[in-house]
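Peer 1: quick one: sequence and predicted model below, then my questions.
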Amino acid sequence: TNERIQYKVNYTLYQGSENLLNGNSIAFVSYDILTNPYSTTIAQKKAETDAAHIIANDVALRIGAYFHSITSRN
């Protein structure tokens with residue numbers, strides 16, 4: 001059996017009270033449900049960690065693209 005999870009994060013980048021950038025990032029992960037409960041818990045924790053890395057990388061890329069677009073305009 002397999003468990004599928006969707007993680008969704010909304011983010012906003014502010015400078016003072018000015019809204020510079022906002023968006024959302026979604027990660028879809030899955031893990032196997034095993035006969036051993038401990039193994040299932042470990043698989044679930046790994047899936048959560050993987051989702052956090054996927055979302056963190058996506059947000060970092062979008063923020064990097066935002067700052068690159070600002071420096072390219074000047």
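Peer 2: Looks like it came in fine.
Peer 1: and Thr71, what's its pLDDT?
Peer 2: The model reports Thr71 with a pLDDT of 87.
Peer 1: looking at this, it is in a helix?
Peer 2: Yes. Judged by DSSP: H, G, I helix; E, B strand; the rest coil, Thr71 forms part of a helix.
Peer 1: next, count neighbours for it.
Peer 2: Neighbourhood size, Thr71 [other CB atoms under 10 Å]: 7. Bear in mind the C-beta positions are built from the backbone N, C-alpha and C, glycine included.
Peer 1: show me where the protein dips below the pLDDT cut-off.
Peer 2: For the chain, the stretches with pLDDT under 70 are 74.
Peer 1: name the element Ser25 belongs to?
Peer 2: Ser25 is part of strand 18-32 when elements are defined by DSSP states H and E.
Peer 1: in that strand, which residues are buried?
Peer 2: 21, 25, 27, 29, 31 (16 or more other CB atoms under 10 Å).
Peer 1: I figured the first one hits Val59, correct?
Peer 2: No. The pair Leu21 and Val59 fails to qualify as a contact (CB atoms under 8 Å) at a distance of 9.8 Å.
Peer 1: overlap of the contact sets of these two?
Peer 2: Taking CB atoms under 8 Å, 6 or more residues apart in numbering as the contact rule, Leu21 and Val59 have no neighbour in common.
Peer 1: for Ser17, grab phi and psi.
Peer 2: Backbone torsions of Ser17, given as degrees, to the nearest 10, read phi -100, psi 0.
Peer 1: ok, back up a step: keeping just the C-alphas, turn the strand holding Ser25 into CSV.
Peer 2: What follows is strand 18-32, C-alpha atoms only, in CSV (Å, rounded to 0.1, in the frame of the first residue of the first chain):
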residue,chain,number,x,y,z
GLU,A,18,6.1,46.7,0.8
ASN,A,19,5.1,43.4,-0.7
LEU,A,20,7.9,42.5,-3.1
LEU,A,21,7.0,38.9,-4.1
ASN,A,22,4.4,36.3,-3.3
GLY,A,23,3.6,32.9,-4.6
ASN,A,24,3.0,29.3,-3.7
SER,A,25,4.9,26.1,-4.0
ILE,A,26,3.6,22.5,-4.0
ALA,A,27,5.3,19.2,-3.4
PHE,A,28,3.8,15.8,-4.0
VAL,A,29,5.5,12.9,-2.2
SER,A,30,4.6,9.3,-1.4
TYR,A,31,5.8,6.5,0.7
ASP,A,32,5.1,2.8,1.2
